[in-house]
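Engineer: no FASTA, just this:
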């Protein structure tokens with residue numbers, strides 16, 4: 001979008017009208033598309049008196065060079081719940097030794113391949129499910145964040161669509177998660193590495209069919225990468241803050257968000 005805008009401005013300087021109109025038209029179309037694919041509420045909601053929870057999602061492979069930098073960053077953030085991916089046996093030992101004092105409730109599915117997962121929580125974990133979709137595990141945990149409020153958290157890793165076979169697997173994964181959420185009513189969070197941008201048609205269809213909202217309002221300009229990790233939530237939650245998580249070495253290691261239960265009028 002910015003590229004087309006820049007081309008149009010350069011063409012304007014040299015009065016190349018065909019390129020001016022073409023570039024600005026392409027820029028406008030991309031603006032409309034991104035607006036429809038993004039969170040329409042660009043302004044974060046105001047804080048209310050309802051239950052609040054902070055949650056982070058991290059792929060530990062992004063911090064392989066510095067275990068200590070990652071754990072120090074997590075302690076500094078003081079999140080309520082943290083979701084991890086690519087958790088292998090060595091990472092499992094590190095997380096337990098550094099986080100259990102602060103996060104006494106946890107569940108994990110440790111593997112030697114990239115599909116190991118863990119969820120650490122300050123709140124009690126009421127129920128745990130491990131979902132297998134074409135031999136790829138997803139980790140689900142119901143967390144009680146308050147006396148009358150619990151959240152079902154689904155930690156996902158969607159297979160990248162690099163050939164026709166994996167494309168079919170990717171579709172099946174999203175359909176399974178969608179049906180799982182529809183069968184389990186209540187407050188829900190789906191987070192993880194989706195290997196797709198949030199404005200892709202497949203993600204948009206998944207969110208619409210699963211009735212999920214996007215926590216992300218925009219793409220951070222502080223990191224030169226396209227985001228493939230996302231936090232989606234049901235409509236009875238509101239996201240009041242969303243950020244990329246950067247460690248002390250300047251590496252992007254994940255994302256985190258603050259959410260609150262919605263206390264406004266319900267849609268009919």
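Structural biologist: Structure received. Computed from a predicted structure; not experimentally measured.

Engineer: Helices of this structure, residue ranges please.
Structural biologist: 2-13, 17-37, 67-77, 89-99, 164-183, 201-210 (DSSP state H).

Engineer: do you know how far the spatially most central residue of the chain is from residue 49?
Structural biologist: Residue closest to the average C-alpha location in the chain (Cα atoms, centre = their mean): residue 230, at 1.9 Å. Plainly put, residue 230 is 28 Å away from residue 49 if you go by Cβ to Cβ, to the nearest Å. (Each C-beta comes from the backbone N, C-alpha and C, glycine too.)

Engineer: Same question for residue 152.
Structural biologist: Using Cβ to Cβ, residue 152 is found at 23 Å from residue 49.

Engineer: before we move on, what about residue 176?
Structural biologist: Residue 176 is 37 Å from residue 49, by Cβ to Cβ.

Engineer: More neighbours: which of the two?
Structural biologist: residue 176 (17 against 8; other Cβ atoms under 10 Å).

Engineer: Might you report the residue contacts of the closest residue to that one other than its chain neighbours?
Structural biologist: In this structure, residue 176 finds its nearest non-sequential neighbour in residue 133, 4.8 Å apart by Cβ to Cβ, 6 or more residues apart in numbering. Applying Cβ atoms under 8 Å, 6 or more residues apart in numbering to residue 133 gives the contacts 169, 172-173, 176-177.

Engineer: Buried ones among those residues?
Structural biologist: 169, 173, 176-177 (16 or more other Cβ atoms under 10 Å).

Engineer: So what touches stretch 17-32?
Structural biologist: Here stretch 17-32 has contacts from 1, 4-5, 7-8, 11-12, using Cβ under 8 Å, 6+ apart.

Engineer: right, so of the helices of the chain, which gets closest to residue 192?
Structural biologist: helix 164-183 (9.7 Å; Cβ to Cβ).

Engineer: Just the buried positions in that closest one, please.
Structural biologist: Buried-residue list, helix 164-183, by 16+ other Cβ under 10 Å: 169-171, 173-174, 176-178, 180-181.

Engineer: starting at the chain centroid, how far to it?
Structural biologist: Put simply, helix 164-183 sits 17 Å off its chain's centre (Cα atoms, centre = their mean, to the nearest Å).

Engineer: Counting by contacts, list what that helix packs against.
Structural biologist: strand 125-133, strand 136-146, strand 149-157, strand 187-193, helix 201-210 (3 or more Cβ pairs under 8 Å, 6 or more residues apart in numbering; DSSP states H and E).

Engineer: angle of that helix against strand 136-146?
Structural biologist: Computed by axes from the mean of the first three to the mean of the last three Cα atoms, to 10 degrees, the angle separating helix 164-183 from strand 136-146 equals 30 degrees.

Engineer: how big is the angle separating helix 164-183 from strand 149-157?
Structural biologist: 170 degrees.

Engineer: Averaged pLDDT, helix 164-183. What do you get?
Structural biologist: Across helix 164-183, pLDDT averages out at 90.

Engineer: The residue nearest to residue 118 when sequence neighbours are not counted: neighbour count?
Structural biologist: Counting by Cβ to Cβ, 6+ apart, residue 118 lies nearest to residue 108, which is 3.8 Å off, once chain neighbours are set aside. Residue neighbour count, defined by other Cβ under 10 Å, stands at 18 for residue 108.

Engineer: doesn't residue 92 make contact with residue 108?
Structural biologist: Yes: contact criterion Cβ atoms under 8 Å: residue 108 and residue 92 qualify, at 6.1 Å.
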